[in-house]
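>>> generate a structure from the sequence data that follows.
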Amino acid sequence: MFEQVSQHIFIRKYQHYTDRPNIGLIRGQRRALLFDAGNSEAHTLLLKQELEEAGLPMPDCVALSHWHWDHSFGTAFWGAEVIAGRETDTQLRKMARWQWDDDAMQRRIDAGEEIAFCSDMIKREYPDRSKIRVVGADIVFDGRLTLDLGGVTCELIHARGPHSSDSVICYVPEDRFVLLGDSNCKDLYGLSWECDIEVEGSFTAATDALEYDPEKVRDYLQLLDGLDFTHCISGHSEVKTRAHQLASLKEVL
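Numbers count the residues shown, from 1 in each chain. All right, here's what the predicted structure looks like:
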């Protein structure tokens, strides 16, 4: 269910089994924005049901934190304007031409376009992969885009960060809150690692052993440190305080 974490922000908590991330709804007086789309039609249907049960509005627009499948494959099923950074949109339009049979997915792993963990999770989320539908954005921006929802604003900021070069964060100044997507996480595509999704704890053990790129963390930390926020949430974890998040990044340097 969606839980209220600040005056205007509601979070649907992540579900690790098929790598469904945290989904954020920012409710204004005139419009509502969803930050990240979910990873499938089944995921979006669940989210819509829970929004209705909670008496929350359906989103007028959906903003994406980055291109990775778990955050973007639900985009086509919301019936709302899709907002993405230019690099994210470019990758989504490339993925829209991909095939999803076993051989095609394995070729992309071999070529470094995809990683085994995501491939395995896609197969788990999609028993019928013919249902995968990838679409580009309706609104594409560079750098920063500010949206007035009525009594609350969302600042979409191209943050880059250590996880993916297209990462966008959503800063809500009225609530002093930042939705990070996966921008603060490690680079799972650029580093060598593997895990068995059937073994509990395998993902955590494998990714804990990976290292951050200090240069990417330094620039990202500088951006976050310049924002006036008290709390934040990333794509697959709990709400953290500003002090906790900044301290964990500073440990890398």
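
>>> every contact and neighbour count from this point should use C-alpha atoms.
Noted.

>>> mind checking pLDDT for the closest residue to L246 other than its chain neighbours?
Setting aside the residues directly before and after it, L246 is nearest to L221 in space (CA to CA, 6 or more residues apart in numbering), at 7.0 Å. The model reports L221 with a pLDDT of 97.

>>> check which helix or strand covers L221.
In this structure, L221 sits in helix 214-225 according to DSSP states H and E.

>>> and that helix, what's buried?
Neighbour-count burial for helix 214-225, counted by 16 or more other CA atoms under 10 Å, picks out 216-218, 220-221, 224.

>>> now do stretch 225-233
228-229, 231-233.

>>> between those, which is closest to R108?
Distance to R108 across those (CA to CA) is lowest for I233, with 30.6 Å.

>>> by contact count, what packs against the strand or helix carrying that closest one?
For I233, the enclosing helix or strand under DSSP H and E is strand 231-234. In terms of contacts (3 or more CA pairs under 8 Å, 6 or more residues apart in numbering; DSSP states H and E), strand 231-234 is packed against strand 177-181, strand 240-241, helix 242-250.

>>> any idea which of those is most buried?
Comparing those by mean neighbour count (mean count of other CA atoms under 10 Å), strand 177-181 ranks first with a mean of 25.

>>> helix, strand, or coil at E87?
Per DSSP: H, G, I helix; E, B strand; the rest coil, the secondary structure class of E87 is helix.

>>> ok, the one 4 residues further on next?
Classification of Q91 using three-state DSSP returns helix.

>>> quick one on the thing from earlier: tell me the angle of the helix holding L221 relative to helix 242-250?
Put simply, helix 214-225 runs at 160 degrees to helix 242-250, going by axes from the mean of the first three to the mean of the last three CA atoms, to 10 degrees.

>>> contacts for helix 214-225 next, please.
For helix 214-225, the surrounding residues in contact (CA atoms under 8 Å, 6 or more residues apart in numbering) are 159-162, 246, 249-250, 252-253.

>>> at 7 Å what do you get?
For helix 214-225, contacts defined as CA atoms under 7 Å, 6 or more residues apart in numbering pick out 159-162, 246, 249, 252-253.

>>> save the residues you listed as a markdown table, and put in pLDDT too.
A markdown table is the format used below for those (pLDDT from 0 to 100):
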| residue | pLDDT |
| --- | --- |
| A159 | 98 |
| R160 | 96 |
| G161 | 96 |
| P162 | 97 |
| L246 | 98 |
| L249 | 96 |
| V252 | 91 |
| L253 | 90 |
